[in-house]
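Chemist: Everything below, folded, please.
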Amino acid sequence: MPRPTPAQIAYGSATVVFSTLAMLLLSQTRSGIGVAIVAVAGLALGLLVAMSVPMSRTPARARHAEGSPEPVAAQAPKRAPARPAAAAATARPRLGHHSLRS
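Modeler: The predicted model follows:
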């Protein structure tokens, strides 16, 4: 079972607190059974809200394993082209970096 995200915990907790408080104020119940029913309804509503918040995305390997049409290699970010050898040989070393040349 996946762990809940911080957003799910926050939205669910806020929903439980505010919906229970609102239902208690609106119903003006004073009996223990009425308060228990309102509390259970608030918890159910909080769970519903927490489960409706989208989960975080799965890693690329997990998506590929689940049947993603695009292979993992195609999902990798593109790399910048390497400098030509002639430009690399004539390039001056940056200040503050050590050189292997004597």
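Chemist: Show me which residues of stretch 38-52 are buried.
Modeler: Val38, Gly42, Leu45, Gly46, Val49, Ala50 (16 or more other CB atoms under 10 Å). Where you see a C-beta, it was placed from the backbone N, CA and C, and this is true even at glycine.
Chemist: List of residues touching it?
Modeler: For stretch 38-52, contacts defined as CB atoms under 8 Å, 6 or more residues apart in numbering pick out 4, 8-9, 11-13, 15-17, 19-20, 23-24, 27, 29.
Chemist: Out of those, flag the one nearest to Pro54.
Modeler: For these, the minimum distance to Pro54 (CB to CB) is 9.0 Å, reached by Gln8.
Chemist: So the closest one sits against Val53, correct?
Modeler: Yes. Counting by CB atoms under 8 Å, Gln8 touches Val53, with 4.7 Å between them.
Chemist: between these two, which one's more packed in?
Modeler: Gln8 (19 against 14; other CB atoms under 10 Å).
Chemist: what sits up against the host helix or strand of the more buried one?
Modeler: Taking DSSP states H and E as the definition, Gln8 sits inside helix 6-27. Contact partners of helix 6-27, identified using CB under 8 Å, 6+ apart, comprise 4, 34-35, 38-39, 41-43, 45-47, 49-51, 53, 55.
Chemist: can we see that at 6 Å?
Modeler: Helix 6-27 is contacted from outside by Val38, Ala39, Gly42, Leu43, Leu45, Gly46, Val49, Ala50, Val53, using CB atoms under 6 Å, 6 or more residues apart in numbering.
Chemist: Do you know the pLDDT at Met23?
Modeler: Met23 carries a pLDDT value of 94.
Chemist: sorry, that was for Ser52
Modeler: Ser52 is given a pLDDT of 88.
Chemist: Let the chain start at 43 from now.
Modeler: Okay, using 43 as the starting number, the last item reads as Ser94.
Chemist: okay, now Leu67: neighbour count?
Modeler: 10.
Chemist: try the one 4 residues further on
Modeler: For Thr71, the tally of surrounding residues (other CB under 10 Å) stands at 15.
Chemist: Please determine how far it is located from Leu89.
Modeler: Between Thr71 and Leu89 the distance is 22 Å, computed by CB to CB, to the nearest Å.
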